[in-house]
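>>> fold the stuff below for me.
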Amino acid sequence: MNLSVIGTGYVGLVSGCCFAEMGNNVICVDNDQKKLQKLKNGEVTIYEPGLEVIFLRNIVKKRLHFTDNLKEAVLNSDVIFLCLPTPPGEDGSADLKYVFGAAEQIANILIEDGDKNYKLIVNKSTVPVGTCEAVENIFFKRGLKNFEVCSNPEFLREGFAVEDFMKPDRIVIGAKSQKAFEIMRSLYEPFVRQGNPIIEMDPYSSEVTKYAANSYLAMRITFMNELANFCEKVGANVDLVRKGMGTDSRIGKRFLFPGIGYGGSCFPKDVKALIKTSKEKGSEITLLSIVDKINEKQKLILVDKILYHFKGDIKGKKFAIWGLAFKPNTDDMREAPSIVIINKLLELGAKVKAYDPAAMENAKFYFGNSIEYSETDYEALNEADALAILTEWNEFRNPDFNKIKTLLKNPVIFDGRNVYDIEKMRELNFYYYSIGRKPIIPET
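Here you go, the predicted structure:
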């Protein structure tokens with residue numbers, strides 16, 4: 001099948017590569033000339049495990065192409081995927097200017113072509129309910145008839161996006177005609193050969209499904225963060241509570257790990273957008289408003305522990321930071337707790353030297369020269385007053401603790417992701433603060 005993918009961000013680039021991997025001819029369109037040149041030169045522009053292999057393979061096979069020529073892509077495609085950013089506005093609503101702008105350009109191209117060939121426009125961007133209809137109206141107002149707009153939300157986890165696309169839990173398609181469903185089924189059947197469902201529904205329900213899924217997961221994380229704070233107050237261990245909960249088949253084990261709040265390009269944006277839409281429609285989801293407020297507060301919970309340990313004064317103190325990305329296996333720092341935490345430490349007069357396996361370049365966008373950047377994890381520790389772990393990268397899980405003690409001024413670790421075993425930290429004689437577990441204070 002001939003496809004075009006408009007936008008080469010996380011969703012667009014992963015989608016284009018994975019569709020090409022299944023034998024489709026894919027044209028990826030972007031107007032960012034620097035990014036486009038890198039892609040044409042065979043350089044992957046995002047950090048995503050497993051992506052580079054299929055990216056290069058399908059370029060060699062000439063199934064994956066990159067261009068800024070939208071007209072060429074549209075006229076040579078049967079299905080056109082909109083994979084465009086929908087950033088949050090100041091009021092929390094999703095900004096749809098990129099989606100609507102692309103739709104207007106595509107509509108004008110089809111008018112020039114005489115509306116000859118049927119085109120299926122697929123909205124893969126995360127958008128508020130009613131967006132498919134709004135895009136459809138852009139085409140109708142120009143007198144176009146030989147098209148359809150459908151919804152096909154993505155459920156990709158950054159760090160596992162290729163795996164999630166190639167072996168999806170489910171495919172959700174929101175459309176109005178059997179023709180659109182048949183095209184989309186034909187496109188996705190190779191990805192669900194093990195029997196995972198292709199779920200067909202109306203576009204409204206499809207659009208709500210994406211927001212509902214992400215908001216529910218954000219709610220689970222937030223509940224566990226609140227519960228962890230309570231456990232710490234009453235002397236319970238949230239890790240044990242989590243295990244007791246997770247073995248209940250009605251609850252399950254996933255998204256029950258407490259920490260310093262959720263971040264990334266999806267959860268914060270989607271929660272805020274659903275809050276905004278629900279208010280506009282007169283059916284406010286008040287629970288999500290609370291979730292959003294709690295999550296912002298949780299991002300500073302580690303700073304509270306730092307201030308407690310240093311008796312309220314960290315001016316001039318130097319902190320080593322391990323982990324900047326909002327989660328491991330990605331370089332994405334959008335809405336990352338590390339941004340809030342580091343900025344607060346700087347505001348309080350502290351110094352910061354940070355290390356992340358993938359997000360160092362992105363970090364410079366957020367912090368500039370206000371912090372130091374380390375080439376290795378251990379280098380960041382040198383002469384620091386304490387270590388703070390903000391992202392649970394695998395390489396941080398089993399470090400040389402004796403080396404950490406030697407490099408730090410004091411054996412103090414603030415663990416925002418509960419990476420280390422509490423008893424091991426006690427045996428090693430560290431001052432150790434984590435989330436939802438009693439702190440370890442060595443006897444003097």
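>>> count the neighbours of the closest residue to Arg142 other than its chain neighbours for me.
Nearest non-adjacent residue to Arg142, counting by C-beta to C-beta, 6 or more residues apart in numbering: Ala107, 4.9 Å away. Heads up, the C-betas are built off the backbone N, CA and C, glycines and all. Neighbours of Ala107 under the rule other C-beta atoms under 10 Å: 23.
>>> next one: the helix or strand hosting Ala107 to chain centre, how far?
For Ala107, the host element (DSSP states H and E) is helix 97-112. Relative to its chain's centre, helix 97-112 lies at 27 Å (C-alpha atoms, centre = their mean, to the nearest Å).
>>> helices or strands next to that helix in the packing?
Secondary-structure packing of helix 97-112 (3 or more C-beta pairs under 8 Å, 6 or more residues apart in numbering; DSSP states H and E): helix 70-75, strand 79-82, strand 119-123, helix 131-140.
>>> for it, buried residues please.
By neighbour count on 16 or more other C-beta atoms under 10 Å, the buried set for helix 97-112 is Tyr98, Val99, Phe100, Ala102, Ala103, Ile106, Ala107, Asn108, Ile109, Leu110.
>>> tabulate the residues you listed (JSON lines), appending distance to Tyr432 and pLDDT.
JSON lines is the format used below for these (distance: C-beta to C-beta, whole Å; pLDDT from 0 to 100):
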{"residue": "Tyr98", "distance to Tyr432": "45", "pLDDT": "95"}
{"residue": "Val99", "distance to Tyr432": "47", "pLDDT": "96"}
{"residue": "Phe100", "distance to Tyr432": "51", "pLDDT": "97"}
{"residue": "Ala102", "distance to Tyr432": "50", "pLDDT": "97"}
{"residue": "Ala103", "distance to Tyr432": "53", "pLDDT": "97"}
{"residue": "Ile106", "distance to Tyr432": "56", "pLDDT": "97"}
{"residue": "Ala107", "distance to Tyr432": "59", "pLDDT": "97"}
{"residue": "Asn108", "distance to Tyr432": "61", "pLDDT": "96"}
{"residue": "Ile109", "distance to Tyr432": "60", "pLDDT": "96"}
{"residue": "Leu110", "distance to Tyr432": "62", "pLDDT": "95"}
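>>> pick the one among these closest to Ala212.
Within the buried residues of helix 97-112, the smallest distance to Ala212 is 19.8 Å, found for Val99 (C-beta to C-beta).
>>> show me the contacts for the residue nearest to Arg142.
Residues near Ala107 by C-beta atoms under 8 Å, 6 or more residues apart in numbering: Ile138, Phe139, Arg142, Leu144.
>>> how is this structure partitioned into domains?
Listed domain ranges for the chain are 2-201, 211-294, 299-433 (source: automatic domain parsing).
>>> can I get those in TSV with distance to Glu443?
Below are the domains of the chain laid out as TSV (distance: least, C-beta to C-beta, whole Å):
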stretch	distance to Glu443
domain 2-201	40
domain 211-294	18
domain 299-433	9
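>>> what's the closest of those to Ile440?
The minimum distance between Ile440 and the domains of the chain falls on domain 299-433, with 4.0 Å, by C-beta to C-beta.
>>> rewinding a little: okay, the helices and strands packed on helix 97-112 in a markdown table with mean neighbour count next?
Below are the helices and strands packed on helix 97-112 laid out as a markdown table (neighbours: other C-beta atoms under 10 Å):
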| stretch | mean neighbour count |
| --- | --- |
| helix 70-75 | 19 |
| strand 79-82 | 26 |
| strand 119-123 | 25 |
| helix 131-140 | 20 |
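>>> now these as JSON lines including mean pLDDT and distance to Tyr204?
As requested, those are exported to JSON lines (pLDDT from 0 to 100; distance: least, C-beta to C-beta, whole Å):
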{"stretch": "helix 70-75", "mean pLDDT": "96", "distance to Tyr204": "26"}
{"stretch": "strand 79-82", "mean pLDDT": "98", "distance to Tyr204": "17"}
{"stretch": "strand 119-123", "mean pLDDT": "98", "distance to Tyr204": "12"}
{"stretch": "helix 131-140", "mean pLDDT": "96", "distance to Tyr204": "8"}
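>>> pull out the buried residues from stretch 37-53.
For stretch 37-53, using 16+ other C-beta under 10 Å, the buried residues are Leu39, Thr45, Ile46, Tyr47, Glu48, Pro49, Gly50, Leu51, Glu52.
>>> please enumerate residues in contact with it?
Stretch 37-53 is contacted from outside by 8-10, 13-14, 17, 28, 30, 35, 55-56, 59, 66, 158-163, 329-331, 358-359, using C-beta under 8 Å, 6+ apart.
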